[in-house]
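A.B. asks: No letters, just coordinates:
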Ligand SMILES: Cc1ncc(COP(=O)(O)O)c(C=O)c1O
């Protein structure tokens, strides 16, 4: 471990504050440290490893595809890409029938904003304070947290306006005839697992319709079954114009995607947008295996029921130190100002990995295959910690 720390310190950009743990392998919901210790993974690469680690279906798909064809340019037809797009069109509600594949969440959001601007000729995008949409320049500007933007102002144009979450009046004022799109996470992830209210998301749809702006829903973190529906917006009965996804789609294999209707997709004709690696055969084969397994094993409904049960048990512990437990399905935030890091450390001692976001929120985004008993054990750890303090 000392040698690894030294090499990391010497040769890597020090742009992450890493915990001093290194894993040799994983299996199901567990990761194993170099020291052989087992950790129950309630982070899942931050909502990425939908099927946990070393899932046989994903392993088989990656091995099989990589033995035949890893990469081919988007200059050619790609069978695996078309198949994945067909599956996503079946899963996604309404007229979300076309996909454009990219490599990450930020890239999917960049594509969505480019589509909105090119289609309308308008220059403004409205998003929410506290939101997170990625680190590339337009996605960074759209992100409603100045801490991520500091020092990069020169690279960002002034196209984004941010409104407080769930403030319908502010939204109504911000979205105007210059607005190309409203970009929203149904539940703010990095922003502290804070859900949009039903009133807010419904008003967002009406306001966009009224002003001719697109409603883009960022499902990068909430998508692919995590919240107990395929997409977070489905809890609200609202149909977006454009949806972006990434993280859980590839189950750990990098892939991102933007979906829209056939009509909207025409705003990006040949030559207007593209990527060398986006939608490559290997990424698409991996994602198809992930989506197929989620469907076949009923993991979306499982996320809903398991998540609701865990949320109920955790909510019983709400009080002076655990202010609020919120979220949907297997995306749960424990708001505990001044105690989030300490609980994370306690969980680690007990062999559980959790993540802290927005300073005070312990975030649980486990694999969709997480066991009920692990969620129960984690709840017991929280209870033990609260009893002690
Ligand atoms: C809601 C949301 N959008 C976009 C992103 C950016 O995704 P990526 O890191 O793959 O670029 C993230 C990453 O955390 C996210 O949570």
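C.D. replies: In hand now; what should we look at? Please read all numbers here as calculations on a predicted model, not as lab measurements.
A.B. asks: what's the burial count for the residue in the chain positioned nearest to the ligand?
C.D. replies: Nearest residue of the chain to the ligand (Cβ to the nearest ligand atom) works out as residue 105 at 2.3 Å. Every C-beta, even on glycine, is put in place using the N, C-alpha and C of the backbone. For residue 105, the neighbour count with other Cβ atoms under 10 Å is 27.
A.B. asks: next one: residue 72
C.D. replies: By the other Cβ under 10 Å criterion, the neighbourhood of residue 72 contains 15 residues.
A.B. asks: can you give me the helices in the chain?
C.D. replies: Taking DSSP state H as the criterion, the chain contains helices spanning 2-11, 44-47, 56-68, 79-91, 105-120, 137-142, 146-149, 168-174, 198-211, 262-265, 281-296, 299-315, 340-349, 372-388.
A.B. asks: With mean pLDDT added, can I get the ones you listed in TSV?
C.D. replies: TSV is the format used below for the helices of the chain (pLDDT from 0 to 100):
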stretch	mean pLDDT
helix 2-11	96
helix 44-47	98
helix 56-68	98
helix 79-91	98
helix 105-120	98
helix 137-142	98
helix 146-149	96
helix 168-174	98
helix 198-211	98
helix 262-265	98
helix 281-296	98
helix 299-315	98
helix 340-349	98
helix 372-388	98
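A.B. asks: Quick one: closest of those helices to residue 181.
C.D. replies: With Cβ to Cβ as the criterion, residue 181 lies closest to helix 105-120 of those, at 3.6 Å.
A.B. asks: And the closest one, what does it pack against?
C.D. replies: strand 98-102, strand 124-128, helix 137-142, strand 179-184, strand 214-218, strand 242-245, strand 256-260, helix 262-265 (3 or more Cβ pairs under 8 Å, 6 or more residues apart in numbering; DSSP states H and E).
A.B. asks: Would you format those as TSV with distance to the ligand included?
C.D. replies: Supplementary listing: these in TSV, determined by distance: least, Cβ to the nearest ligand atom, whole Å:
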stretch	distance to the ligand
strand 98-102	9
strand 124-128	11
helix 137-142	7
strand 179-184	9
strand 214-218	5
strand 242-245	7
strand 256-260	6
helix 262-265	20
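A.B. asks: For those, please prepare JSON lines with the additional fields mean neighbour count.
C.D. replies: As requested, the helices and strands packed on helix 105-120 are exported to JSON lines (neighbours: other Cβ atoms under 10 Å):
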{"stretch": "strand 98-102", "mean neighbour count": "24"}
{"stretch": "strand 124-128", "mean neighbour count": "26"}
{"stretch": "helix 137-142", "mean neighbour count": "24"}
{"stretch": "strand 179-184", "mean neighbour count": "26"}
{"stretch": "strand 214-218", "mean neighbour count": "28"}
{"stretch": "strand 242-245", "mean neighbour count": "29"}
{"stretch": "strand 256-260", "mean neighbour count": "29"}
{"stretch": "helix 262-265", "mean neighbour count": "15"}
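A.B. asks: Tell me which of those sits nearest to residue 114.
C.D. replies: The minimum distance between residue 114 and the helices and strands packed on helix 105-120 falls on helix 137-142, with 7.9 Å, by Cβ to Cβ.
A.B. asks: Show me what that closest one is in contact with.
C.D. replies: Residues external to helix 137-142 that are found in contact with it (Cβ atoms under 8 Å, 6 or more residues apart in numbering): 105-106, 109-110, 113-114, 125, 127, 131, 133-134, 148-149, 152, 155-160, 183.
A.B. asks: Enumerate every residue touching residue 193.
C.D. replies: Taking Cβ under 8 Å, 6+ apart, we find residue 193 in contact with 187, 326-327, 331-333, 357, 361, 363.
A.B. asks: picking that back up, give me the buried entries from the contacts of helix 137-142.
C.D. replies: Listed as buried from the contacts of helix 137-142 are 105-106, 109-110, 113-114, 125, 127, 131, 133-134, 148-149, 159-160, 183; burial here means 16 or more other Cβ atoms under 10 Å.
A.B. asks: out of those, what pair is the most spread apart?
C.D. replies: Distance extremes for the buried ones among the contacts of helix 137-142: the farthest pair is 114 and 148 at 20.4 Å, using Cβ to Cβ.
A.B. asks: near the ligand, which residues of the protein show up?
C.D. replies: 104-106, 109, 132-134, 185, 189-190, 218, 220-221, 246 (Cβ under 6 Å from any ligand atom).
A.B. asks: If we use 5 Å, what do you get?
C.D. replies: 104-106, 133-134, 185, 189, 218, 220-221, 246 (Cβ under 5 Å from any ligand atom).
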